[in-house]
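Peer 1: Based on what follows, work out the 3D shape:
(2 chains)
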Amino acid sequence: MKNRKTPMKEQSPESRRKNFEEVALGYTLEEAMAEAQRCLQCPTHPCVSGCPVGIDIPGFIRKLKEGKLEESYRILKTYNNLPAVCGRVCPQEVQCESRCVVGKMKDSEPVAIGRLERFVADWAAENLEEDAKPLAGSKKEKVAVVGSGPAGLTAAADLAKMGYQVDVFEAFHKPGGVLVYGIPEFRLPKRIVEREVNYIKRLGVNFYLNTVVGKTVKVKELLSKYDAIFIGTGAGTPKFMGIPGTNLNGVYSANEFLTRVNLMKAYLFPEYDTPIRVGKKVAVIGAGNTAMDAARSALRLGADKVYIVYRRTEHEMPARREEYHHALEEGIEFLWLTLPIRYIGDANGNVKAMECVKMELRETDGSGRPRPVPIEGSNFVLEVDMVIEAIGQGPNRVLLSEFPDLELNERGYIKADEDTGATSVKGVFAGGDIVTGAATVIKAMGAGKKAAQFIHSYLTGEWNPWQK
Amino acid sequence: MNEIVKKAKIAEDVFDFWIHSPSVSKEARPGQFVVIRLHEKGERIPLTVADTRPEEGLFRMVVKVVGKTTHELSLKKEGDTILDVVGPLGNPSDIENYGNVLLVGGGVGIATLYPIAKALKEAGNNITTVLGARTKDYLIMVDEFEEISDVLLVTDDGSAGMKGVVTDAMDKLFRERKFDICWAVGPTIMMKFCTLKAREFGVPIWVSLNPIMVDGTGMCGACRVTVSGQIKFACVDGPEFRGEEVDWDELLKRLAQYREQEKISYERFLKTAGEPE
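Peer 2: From the prediction side, this is the model:
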């Protein structure tokens, strides 16, 4: 390939597999300028249509090219309240970058839009003074946002920019949702999330932490105190394989494992009080981004061997390519076409091995992917002392069970209009994983953004889908 | 917020706190709990809400020193605050008029039982309570239970009440009288044997489980228990379950899963900490 992306420096696999520092180190100014030069500023800018929040991508890159970094940052921030987060964790290869004209040319990689976004956001954090004015509260209407993950933060920021008073309710002691409990430090440092949350606070948004809506604050109370509500509580309840031995000690859900490590900093135990098992031989079940995060975290905690066990193959794996390659470089071993069928414990209830069966792929099933089928007699036993199941999540029921009027879909998620976020209850909107099931940070942000626009239309009386 | 308004030592290693938290005191119902975190480096631990005074915005928690975090909490003084208090969490107890109810409390579980006892009393039940502890120095809240129920004390060494364990008292009572339902709250091993005893006499039994938890809102799955052969989360499906349906041996093993780390953490802490006070 001749026309490649400007490479981004990374910690070497040998050193990074022993620490929780960020893997990708970001561009220097020179590297960013060089990469920005690769953008053709094509008139059709298909990249924008690949972005769930519709960032003016050619616009911010043009300003960067011209050396006008502050203006570049302003453009980004108009569309995206969390650019430093998105620049790091968005699956650009299937979004903006997948449509880039440069990437369509022979022997050519698309413009590294994500890396440029990250560069401009990080540059602004270091070089610009306080970048937000308190805008919330100029309008009298109040909006409650439930959950402070990517969907909630985006909705809150956009509504605040429009002048609404916004109160965000978060069950955990830190705002950020999956950005703080789920995505590891080495992929998204917590100070980056904090920085972007602080920006939203400076817009005048109030955060109520340690507050479980439905328990600490009743739904009825929210409905009476606020003019509109946005629910962005995410997909929260871990699914388990449910095979024999699931409750053995050392078998974790990815949610628990990652929460202990990321939010509670168990990797710093005993300086931090929250413990975590440090497995020597760890199996992670599943091959999504969460599985990659869990596997790479287990390695950094000190595991000798980490397997990713997946019942399909590399081609069906849902993880981002970049994360997969990082995992490979760090020495994670992939067991494709493999399904655990039983965890085996010792006398004290600790997992010591798991029985697996090999799979083969048959004709395509309803999900559009080939259907894995067990090969009879292919069973084998893998020695492991820790297992992390990263096979997905279902809707968290805490709020939903306290909100009986809210209509759910057949999968138990909130039934909300895809375009507007409107739910079955007047003035109540929802978006993100609690509507779609587990998806990406940027999709949740897109939903939060759309909902904010329609909450505005609803509050100004322009639009009311509940009017019969 | 979360200020310790009142603190007292009520038994050996057992401390009684009243914490200022208007939302918890207003919303908490018998059987529910909170998750607390003491400081930036602290872990999240679940503790039962033992009582509330909504008019003053206070709730009560009774805590036994068993490890680093509870020891650290015992060193807090009136006027100090707890960094994070989340709650109330979990489902409230199933309170109705059952008739004759037997309540069995062991150790600090007695505090969990207290709001349940009060609510059952208010619902018109006739209540008998068995309160058990190692010795009389570990018995708590006896006067408070005597106000609302007939109380039978049990200690391992006979220093107060009957000599023996709570199941001995249950056996005696079940032979004397008919009970419609019972509750047992205390150490997991005690609840297991209370369940066996209740089953022997065919009396339905509720227990309040206290497995390892992280978030307390159904997100992490750390607190999973097998109930009637199915995976349940104690934080959102419980904390109370019918004792007959719980896989006790699995739960006992799960509770031991961080014993080594707990020891490391506690010993490290004890090098600098004073006695619980």
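Peer 1: Find the closest residue to chain B in chain A.
Peer 2: Going by Cβ to the nearest Cβ, chain B is nearest to A:Gly349 of chain A, at 3.1 Å. In this view, the C-beta of every residue, glycine as well, is placed from N, C-alpha and C.
Peer 1: Wait, that residue touches A:Val251, no?
Peer 2: No - if you go by Cβ atoms under 8 Å, A:Gly349 and A:Val251 don't touch, sitting 10.1 Å apart.
Peer 1: quick one: the residue lying closest to the residue of chain A closest to chain B once chain neighbours are set aside from A:Gly242, how far?
Peer 2: Closest residue in space to A:Gly349, ignoring its immediate chain neighbours: B:Lys253 at 3.1 Å, by Cβ to Cβ, 6 or more residues apart in numbering or on different chains. Separation of B:Lys253 from A:Gly242 (Cβ to Cβ, to the nearest Å): 19 Å.
Peer 1: Can you tell me the number of residues neighbouring the residue of chain A closest to chain B?
Peer 2: 20 (other Cβ atoms under 10 Å in any protein chain shown).
Peer 1: residues near A:Pro43, how many?
Peer 2: 7.
Peer 1: where does it fall, phi/psi-wise?
Peer 2: phi -70, psi -20 (degrees, to the nearest 10).
Peer 1: which residues sit in contact with it?
Peer 2: If a contact means Cβ atoms under 8 Å, 6 or more residues apart in numbering or on different chains, then A:Pro43 has no contacts.
Peer 1: Which stretches in the stretch 101-250 of chain B count as strands?
Peer 2: According to DSSP state E, counting those that start in this stretch, the stretch 101-250 of chain B carries its strands in the segments B:126-133, B:150-155, B:162-163, B:181-185, B:205-208, B:224-227, B:230-233, B:240-242.
Peer 1: how about TSV for the ones you listed, with distance to chain A and mean pLDDT added?
Peer 2: Shown next, in TSV, are the strands of the stretch 101-250 of chain B (distance: least, Cβ to the nearest Cβ, whole Å; pLDDT from 0 to 100):
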stretch	distance to chain A	mean pLDDT
strand B:126-133	27	96
strand B:150-155	30	96
strand B:162-163	33	94
strand B:181-185	21	97
strand B:205-208	17	98
strand B:224-227	6	96
strand B:230-233	6	95
strand B:240-242	14	98
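Peer 1: Who are the contact partners of the residue lying closest to A:Lys174 once chain neighbours are set aside?
Peer 2: Among residues not flanking A:Lys174 along the chain, A:Val180 sits closest, at 5.0 Å (Cβ to Cβ, 6+ apart). Neighbouring residues of A:Val180 by Cβ under 8 Å, 6+ apart: A:Phe172, A:Lys174, A:Lys190, A:Val193, A:Asn262, A:Leu263.
Peer 1: Filter the residues you listed down to the ones in helices?
Peer 2: Among these, the ones falling in helices (DSSP state H) are A:Lys190, A:Val193.
Peer 1: residues near B:Gly67, how many?
Peer 2: With other Cβ under 10 Å as criterion, B:Gly67 counts 18.
Peer 1: Next: A:Asp107.
Peer 2: 8.
Peer 1: Next: B:Ala169.
Peer 2: 23.
Peer 1: my read: it touches B:Met162, true?
Peer 2: Yes - contact criterion Cβ under 8 Å: B:Ala169 and B:Met162 qualify, at 5.8 Å.
Peer 1: can you pull the contacts of A:Ile231?
Peer 2: Applying Cβ under 8 Å, 6+ apart, the residues near A:Ile231 are A:Val146, A:Gly147, A:Leu399, A:Ile414, A:Thr423, A:Val428, A:Phe429, A:Ala430, A:Gly431, A:Ile434.
Peer 1: Where does whichever residue of chain B sits closest to chain A sit: helix, strand or coil?
Peer 2: Closest approach between chain B and chain A, counting by Cβ to the nearest Cβ: B:Lys253, at 3.1 Å. Following DSSP: H, G, I helix; E, B strand; the rest coil, B:Lys253 is assigned to helix.
Peer 1: Looking at it now. What's its pLDDT?
Peer 2: B:Lys253 is assigned 95 on the pLDDT scale.
Peer 1: correct me, but it touches A:Asn249?
Peer 2: Yes - counting by Cβ under 8 Å, B:Lys253 touches A:Asn249, with 6.3 Å between them.
Peer 1: which residues are common contacts for the two?
Peer 2: Common neighbours of B:Lys253 and A:Asn249 (Cβ under 8 Å, 6+ apart) are A:Asn348, A:Gly349.
Peer 1: what comes up buried for stretch B:11-24?
Peer 2: B:11-21, B:23-24 (16 or more other Cβ atoms under 10 Å in any protein chain shown).
Peer 1: so, in contact with chain A or not, it?
Peer 2: Yes - Stretch B:11-24 is in contact with chain A by Cβ under 8 Å from any Cβ of the partner chain, via B:Ser23, B:Val24.
Peer 1: Distance from that stretch to the middle of the chain?
Peer 2: 13 Å (Cα atoms, centre = their mean, to the nearest Å).
Peer 1: Quick check: mean pLDDT of it?
Peer 2: 96.
Peer 1: And that stretch, end to end?
Peer 2: End-to-end distance of stretch B:11-24 (Cα to Cα, to the nearest Å): 25 Å.
Peer 1: anything in stretch A:406-426 near chain B?
Peer 2: No - Stretch A:406-426 does not reach chain B (Cβ under 8 Å from any Cβ); its nearest approach is 12.6 Å.
Peer 1: List of residues touching that stretch?
Peer 2: Residues contacting stretch A:406-426 (Cβ under 8 Å, 6+ apart): A:223, A:230-231, A:235, A:394-395, A:397, A:400, A:403, A:405, A:428-431, A:434-437, A:447, A:450-451, A:454-455, A:458, A:465-466.
Peer 1: Buried subset of the residues you listed, written for PyMOL?
Peer 2: Remark: buried members of the contacts of stretch A:406-426, expressed as a PyMOL selection using 16+ other Cβ under 10 Å:
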select buried, chain A and resi 223+230+231+235+394+395+397+400+403+428+429+430+431+434+435+436+437+447+450+451+454+455+458
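Peer 1: mind listing which of the contacts of stretch A:406-426 are in helices?
Peer 2: A:Leu223, A:Arg397, A:Leu400, A:Ile434, A:Val435, A:Thr436, A:Ala447, A:Lys450, A:Ala451, A:Phe454, A:Ile455, A:Tyr458.
Peer 1: Using CSV, lay out those residues together with distance to chain B and pLDDT.
Peer 2: Putting the ones in helices among the contacts of stretch A:406-426 into CSV (distance: Cβ to the nearest Cβ, whole Å; pLDDT from 0 to 100) gives the following:
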residue, distance to chain B, pLDDT
A:Leu223, 16, 96
A:Arg397, 6, 85
A:Leu400, 10, 91
A:Ile434, 12, 95
A:Val435, 17, 94
A:Thr436, 18, 92
A:Ala447, 20, 94
A:Lys450, 25, 94
A:Ala451, 22, 96
A:Phe454, 28, 97
A:Ile455, 25, 97
A:Tyr458, 28, 97
